[in-house]
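A.B. asks: just coords:
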Ligand SMILES: Nc1ncnc2c1ncn2[C@@H]1O[C@H](COP(=O)(O)OP(=O)(O)OP(=O)(O)O)[C@@H](O)[C@H]1O
Ligand SMILES: O=C(O)C1=C[C@@H](O)[C@@H](O)[C@H](O)C1
Ligand SMILES: [Mg+2]
């Protein structure tokens, strides 16, 4: 089986995917990590060298391959924005879980992580990022088969809630 996690930067996709992988004993793949392995560059370095448009092309081709892998797939925050990716995500049989976080949760987590790992945070600043979050919200909601709010919850509890919501037997 495959469970795909979507949501804004800092909503906890990578963190919760690790928990789900542990609790379900399934492999975990992270799209950003797969992109970095394919490119041989970190995502900030890729943005710096090739720009966002090229990043989105690479993201789409790596997503296409990743959707044939079994297990838990954490996507990048912008993965569902391209219309072609929306089709890829919707036309695969597994559940697509939207991790929905408030602006306050995202802001405090991204500030704690720092700007260096997220090029769009570097480019847009916090106000710009939260404006981007607002424009993406309907896209995440449209693509999701389940919506899980994450504010104030521990990753292990979020993973349990996801497992319960999709009726997986463990
Ligand atoms: N439920 C949680 N409670 C507290 N902190 C969390 C939780 N989930 C994630 N975090 C922390 O928030 C930060 C962002 O988490 P993570 O990298 O998993 O987000 P992401 O959705 O994968 O972001 P991106 O789209 O940039 O890849 C990390 O520092 C992580 O440790
Ligand atoms: O929200 C976004 O557009 C991004 C999120 C990250 O996961 C990375 O995929 C990259 O930094 C772009
Ligand atoms: Mg991530």
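C.D. replies: Perfect, thanks for sending it. This structure is a prediction, so every number in the text was calculated from the model and none was measured. Ligands and ions are numbered 1, 2, ... in the order given.

A.B. asks: ok, residue 158 touching residue 16?
C.D. replies: Yes. In this structure, residue 158 is within contact of residue 16 by C-beta atoms under 8 Å, at 5.1 Å. Backbone N, C-alpha and C define where each C-beta goes, glycine included.

A.B. asks: Quickly list what's touching both of the two.
C.D. replies: 99, 150 (C-beta atoms under 8 Å, 6 or more residues apart in numbering).

A.B. asks: The two: who's more crowded?
C.D. replies: residue 16 (28 against 22; other C-beta atoms under 10 Å).

A.B. asks: element containing that one, please.
C.D. replies: Take DSSP states H and E as the rule and residue 16 turns out to sit in helix 13-24.

A.B. asks: could you give me the average pLDDT of whichever helix or strand comes after that helix?
C.D. replies: Later in the chain than helix 13-24, the nearest helix or strand by DSSP H and E is strand 28-30. Over the span of strand 28-30, the pLDDT mean works out to 98.

A.B. asks: The closest residue to ligand 1 within the chain and ligand 2: what is the separation?
C.D. replies: With C-beta to the nearest ligand atom as the measure, residue 12 is the residue of the chain nearest to ligand 1, at 3.0 Å. Noted for residue 12: a distance of 12 Å to ligand 2, by C-beta to the nearest ligand atom, to the nearest Å.

A.B. asks: That residue and residue 158 touch, don't they?
C.D. replies: Yes. Under the criterion of C-beta under 8 Å, residue 12 makes contact with residue 158 at 6.9 Å.

A.B. asks: Give me the common contacts of those two.
C.D. replies: 99, 150.

A.B. asks: pLDDT value on the residue nearest the centre of the chain, please?
C.D. replies: The chain has residue 75 as the residue nearest its centroid, 3.4 Å off, counting by C-alpha atoms, centre = their mean. pLDDT recorded at residue 75 is 98.

A.B. asks: Against ligand 2, how distant is it?
C.D. replies: Applying C-beta to the nearest ligand atom to residue 75 and ligand 2 gives a distance of 7 Å.

A.B. asks: Residue 85 in helix, strand or coil?
C.D. replies: helix (DSSP: H, G, I helix; E, B strand; the rest coil).

A.B. asks: re earlier: if you count neighbours, what's buried in the helix holding residue 16?
C.D. replies: 13-21, 23-24 (16 or more other C-beta atoms under 10 Å).

A.B. asks: could you dump these to JSON lines with pLDDT?
C.D. replies: What follows is the buried residues of helix 13-24, written out as JSON lines (pLDDT from 0 to 100):
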{"residue": "13", "pLDDT": "98"}
{"residue": "14", "pLDDT": "96"}
{"residue": "15", "pLDDT": "97"}
{"residue": "16", "pLDDT": "98"}
{"residue": "17", "pLDDT": "98"}
{"residue": "18", "pLDDT": "97"}
{"residue": "19", "pLDDT": "98"}
{"residue": "20", "pLDDT": "97"}
{"residue": "21", "pLDDT": "97"}
{"residue": "23", "pLDDT": "96"}
{"residue": "24", "pLDDT": "96"}
